[in-house]
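Colleague: The sequence isn't on hand, but the structure is:
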Ligand SMILES: Nc1ncnc2c1ncn2[C@@H]1O[C@H](COP(=O)(O)OP(=O)(O)OP(=O)(O)O)[C@@H](O)[C@H]1O
């Protein structure tokens, strides 16, 4: 379990994290979401003692990172995949870490295999692609077989096969009872991987919720109606007290009614319809709506500055 308690981090005039509190439970993947500059990386760095909080603290299974006796065995982190010693091979990098943390050497082969780097294990890491560096970063995080894992944007640089692999791996690690905390700025990615979400904006907590709840609460539901007689259909719906919006390509969006009701009204009034389907606004839209005021830098702002 990870407990973030009233965490605040200030860099000069910038308040990167602002009194943030939340708990990350074991046994499920928890997604950590926020627009660029929201404070995700700063929070994750504070979790493993790379950043000193201005105030507040983070506890990993009840203790601060500095108090952990064998950190690599207690929390594994993928924070900056590129921070590698380029001249060494992947195997040498992992063996060095294993030795200094009293982890048996055979574990190195196990994690190389787990991340699919066995064939590249003896190549120097400076020639690694971003995807391979990500895989080595994950191997490093897994080396001590820790119960808590922190992954900062692990999907970055991975090809579609790599993305599927990391999603599966995160779910498997959570199913083993581990605490898996993974950051992303893509809601759609988290919807496929995470069970629970922590959403932040400008260093503050915006949502601490299950993915299911988040979708239900934030997405706009409506019935899409495709008809050659939109104005007649609109009149029928309005008459029945169902508000409509204009959808794309001349469609109508009926809000607050079931597809059965809309279908029955169309049939009763002899309106031809080609399609009646329940829709929800995309998760990305819901996320953007939630974080709209918190985004540090937005395209519309950029436009204004250019003009
Ligand atoms: N070392 C630093 N010195 C000064 N400011 C920093 C430092 N690290 C982060 N910041 C600032 O703190 C804020 C939060 O940054 P952080 O990297 O934690 O956000 P993030 O949510 O991880 O963003 P991204 O998705 O862009 O990586 C930003 O305004 C950033 O510019």
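Modeller: All right, it came through fine. All values reported here derive from a predicted model rather than from experimental measurement.
Colleague: tell me the contacts of the closest residue in space to residue 243 that isn't next to it in sequence?
Modeller: The shortest distance from residue 243 to any residue other than its chain neighbours is 5.1 Å, reached at residue 255 (CB to CB, 6 or more residues apart in numbering). Placement of C-beta: from N, CA and C, glycine included. Applying CB atoms under 8 Å, 6 or more residues apart in numbering, we find residue 255 in contact with 220, 221, 222, 223, 242, 243, 244, 245.
Colleague: ok, now how distant is residue 266 from residue 91?
Modeller: Counting by CB to CB, to the nearest Å, the separation of residue 266 from residue 91 is 66 Å.
Colleague: ok, now residue 178?
Modeller: Here the distance between residue 178 and residue 91 works out to 25 Å (CB to CB).
Colleague: cool, residue 213 as well?
Modeller: Distance of residue 213 to residue 91, computed by CB to CB: 44 Å.
Colleague: between the two, who's got more neighbours?
Modeller: When residue 213 and residue 91 are compared on other CB atoms under 10 Å, the one with more neighbours turns out to be residue 91, at 20 against 12.
Colleague: just checking, that one is part of a helix?
Modeller: Yes. When the secondary structure is assigned by DSSP: H, G, I helix; E, B strand; the rest coil, residue 91 falls within a helix.
Colleague: The closest residue to it other than its chain neighbours - how many residues pack around it?
Modeller: Leaving aside its sequence neighbours, residue 91 sits nearest to residue 121 (CB to CB, 6+ apart; 4.3 Å). For residue 121, the count of nearby residues is 18 (other CB under 10 Å).
Colleague: quick one, longest helix in the protein?
Modeller: helix 160-175 (DSSP state H).
Colleague: model confidence over it, on average?
Modeller: In this model, helix 160-175 carries a mean pLDDT of 94.
Colleague: Now do the same for the closest residue to the ligand within the stretch 151-300 of the chain: its pLDDT.
Modeller: The minimum distance from the stretch 151-300 of the chain to the ligand, using CB to the nearest ligand atom, falls at residue 185 (4.9 Å). pLDDT, residue 185: 84.
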